[in-house]
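Engineer: return a 3D structure for these sequence lines:
(2 chains)
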Number of protein chains: 2
Amino acid sequence: MKIDVERKIQSENDRLAQKNRRVFSDAGVFVVNIISSPGSGKTTLLEATLDRLAGKLPITVIEGDVSTERDMDRVRARGASGVQINTGGGCHLSAAMVGEVLGGLDLKSAEIVFIENVGNLICPSTYDLGEDVRMVLLSTTEGDDKPMKYPAIFHEASLAVINKMDLLPHLIYDLEKVEREIEVLNANCEILRLSAVTGDGMDGWIDWIMRKMAEKKRALHREAS
Amino acid sequence: MKIDVERKIQSENDRLAQKNRRVFSDAGVFVVNIISSPGSGKTTLLEATLDRLAGKLPITVIEGDVSTERDMDRVRARGASGVQINTGGGCHLSAAMVGEVLGGLDLKSAEIVFIENVGNLICPSTYDLGEDVRMVLLSTTEGDDKPMKYPAIFHEASLAVINKMDLLPHLIYDLEKVEREIEVLNANCEILRLSAVTGDGMDGWIDWIMRKMAEKKRALHREAS
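Structural biologist: Prediction:
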């Protein structure tokens, strides 16, 4: 019975995700769903991203957390608009939760929407929110055995970012092994290394965003013409 | 409907957890359920614990992971017996999963059972497995904002261990703030600081285990007499 209910929840989620996707595309915004363990540096990466882009592009952030408004306060302070979703005990965002807040956002004025999912490397993996790309963030301090232990998110991600590269000298961490495992799980998943704290590697991440955003704009343009 | 199903799953889990608890008590073993984010150092802590205790006390480990036998291989190499549970996509161990493997374990010969839960700071929090104590492991590299963002596990835990103290000099991390937040959430939760890699603070953790194990033995003795 549990499996039937889960299947029903998933198919209802897929339906609502498509609805969100239409809303995002009608507004012409590019949407990234960011997934990681607690404390991998999702919010710190968003802060560093806003420092580079907020003056040039209007950015909206949808923050997902079990509890507190802490992450929303941090990205607002760096120039993003947006909204915090608190899930109560819920372990992932769903398309329904995202759909409920879209009406309150000025998407027409935004170019990019970042959705920071609840800190969890498992449950958010299979919930489509209507995003254009799913990104998984790893950090070097989590150890080099994670991709094969948490395979689902790597199957679904377009990009894996390895964060906290600045701490590598203090760790036993086999970077090549991690990248090899990601490639085995998903040969189409791009991989970037960076440190959101020092800024090293941030250019590659910004370039990736701009490239993917341009791809979406071209696709929308083709559809319209 | 989802909530009804969840309530039904929880009450069925509680029933099976009590069944496990009786099996553990009949065998006279002390059981710790270890919960943390992916990469906080659960397995490394178990390795360091086995290095100190495996020669003196027979220890059994139940390893929970979405995928791979990696963690079980590591603790076996340090002298533990036990079993790996792979959940497939499942984001936490349940009392049913633990109950299914108990028959295959020689609990009568064991003194301590460590259950290493699936790496997830949310979902495992509310699933009783039949353990004596629930322990939450944090690491300094995850950032100092975690207790209030993931409150459920701190409400349930008897002990919070802050790991990776050796990396503190390289981080911005307010240790006192973390400890204050844990205390606000649960004044009865003990707190320890350690580094499983350098061994600093390990004595406090070993002392805590021995103290809690002795408490259980006294309680079982009182029941029997």
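Engineer: do a quick rundown of the helices in chain A.
Structural biologist: For chain A, helices defined by DSSP state H occupy the ranges A:2-27, A:42-53, A:70-77, A:95-102, A:146-149, A:151-156, A:175-185, A:202-224.
Engineer: for stretch A:78-93, output the C-alpha coordinates as PDB.
Structural biologist: Taking C-alpha atoms only, stretch A:78-93 is exported to PDB below (Å, rounded to 0.1, in the frame of the first residue of the first chain):
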ATOM      1  CA  ARG A  78      23.000  40.000  -1.100                       C
ATOM      2  CA  GLY A  79      20.300  41.500  -3.300                       C
ATOM      3  CA  ALA A  80      18.000  38.600  -4.200                       C
ATOM      4  CA  SER A  81      14.200  38.800  -4.000                       C
ATOM      5  CA  GLY A  82      12.300  35.600  -3.200                       C
ATOM      6  CA  VAL A  83      10.600  33.500  -0.600                       C
ATOM      7  CA  GLN A  84      11.300  31.000   2.200                       C
ATOM      8  CA  ILE A  85       9.400  27.800   2.300                       C
ATOM      9  CA  ASN A  86       9.400  26.000   5.600                       C
ATOM     10  CA  THR A  87       8.400  22.300   5.300                       C
ATOM     11  CA  GLY A  88       7.800  21.700   8.900                       C
ATOM     12  CA  GLY A  89       9.200  18.200   9.200                       C
ATOM     13  CA  GLY A  90       9.200  17.600   5.400                       C
ATOM     14  CA  CYS A  91      12.500  16.300   3.900                       C
ATOM     15  CA  HIS A  92      12.300  17.800   0.400                       C
ATOM     16  CA  LEU A  93      10.500  20.500  -1.600                       C
END
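Engineer: do it and chain B meet at all?
Structural biologist: Yes - applying CB under 8 Å from any CB of the partner chain, one finds stretch A:78-93 touching chain B at A:89, A:91. C-betas here are computed from N, CA, C, even on glycine.
Engineer: next: stretch A:175-184.
Structural biologist: No - residues of stretch A:175-184 are not located near chain B by CB under 8 Å from any CB, the shortest gap being 10.4 Å.
Engineer: name the residues of that stretch that come out as buried.
Structural biologist: Across stretch A:175-184, burial judged by 16 or more other CB atoms under 10 Å in any protein chain shown covers A:178-179, A:181-182.
Engineer: give the full set of residues in contact with the residue nearest to the spatial centre of chain A.
Structural biologist: For chain A, A:I34 is the residue whose C-alpha lies nearest the centre (CA atoms, centre = their mean; 1.3 Å). By CB atoms under 8 Å, 6 or more residues apart in numbering or on different chains, the residues touching A:I34 are A:42, A:45-46, A:114-117, A:135, A:137.
Engineer: give me that answer again for 6 Å
Structural biologist: Listed by CB atoms under 6 Å, 6 or more residues apart in numbering or on different chains, the contact partners of A:I34 are A:42, A:116, A:135.
Engineer: just to revisit the earlier point, now render the buried residues of stretch A:175-184 as CSV, adding pLDDT and distance to B:K19.
Structural biologist: Compiled in CSV, the buried residues of stretch A:175-184 are given as follows (pLDDT from 0 to 100; distance: CB to CB, whole Å):
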residue, pLDDT, distance to B:K19
A:V178, 98, 40
A:E179, 98, 44
A:E181, 98, 38
A:I182, 98, 41
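Engineer: between these, which sits nearest B:K164?
Structural biologist: A:V178 (18.5 Å; CB to CB).
Engineer: count of neighbours near the residue nearest to A:E131 when sequence neighbours are not counted?
Structural biologist: Among residues not flanking A:E131 along the chain, A:N33 sits closest, at 3.8 Å (CB to CB, 6 or more residues apart in numbering or on different chains). Each residue near A:N33 was counted by other CB atoms under 10 Å in any protein chain shown, and the total is 27.
Engineer: wait, what's in contact with A:N33?
Structural biologist: Contacts of A:N33 were listed using CB under 6 Å, 6+ apart, and they are A:115, A:129, A:131, A:134.
Engineer: how about A:T140?
Structural biologist: With CB under 6 Å, 6+ apart, A:T140 has these contacts: A:164, A:167-168, A:171, A:173.
Engineer: would you agree A:D166 is in contact with A:S195?
Structural biologist: Yes - A:D166 lies in contact with A:S195 (CB atoms under 6 Å); the separation is 4.1 Å.
Engineer: more neighbours: which of those two?
Structural biologist: The neighbour comparison of A:D166 against A:S195 (other CB under 10 Å) goes to A:S195, with 22 against 17.
Engineer: make JSON lines out of the buried residues of stretch A:175-184 and add distance to B:R7.
Structural biologist: Shown next, in JSON lines, are the buried residues of stretch A:175-184 (distance: CB to CB, whole Å):
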{"residue": "A:V178", "distance to B:R7": "40"}
{"residue": "A:E179", "distance to B:R7": "43"}
{"residue": "A:E181", "distance to B:R7": "38"}
{"residue": "A:I182", "distance to B:R7": "38"}
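Engineer: make a markdown table out of the helices of chain A and add distance to B:L220.
Structural biologist: Below are the helices of chain A laid out as a markdown table (distance: least, CB to CB, whole Å):
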| stretch | distance to B:L220 |
| --- | --- |
| helix A:2-27 | 35 |
| helix A:42-53 | 45 |
| helix A:70-77 | 43 |
| helix A:95-102 | 46 |
| helix A:146-149 | 36 |
| helix A:151-156 | 41 |
| helix A:175-185 | 45 |
| helix A:202-224 | 56 |
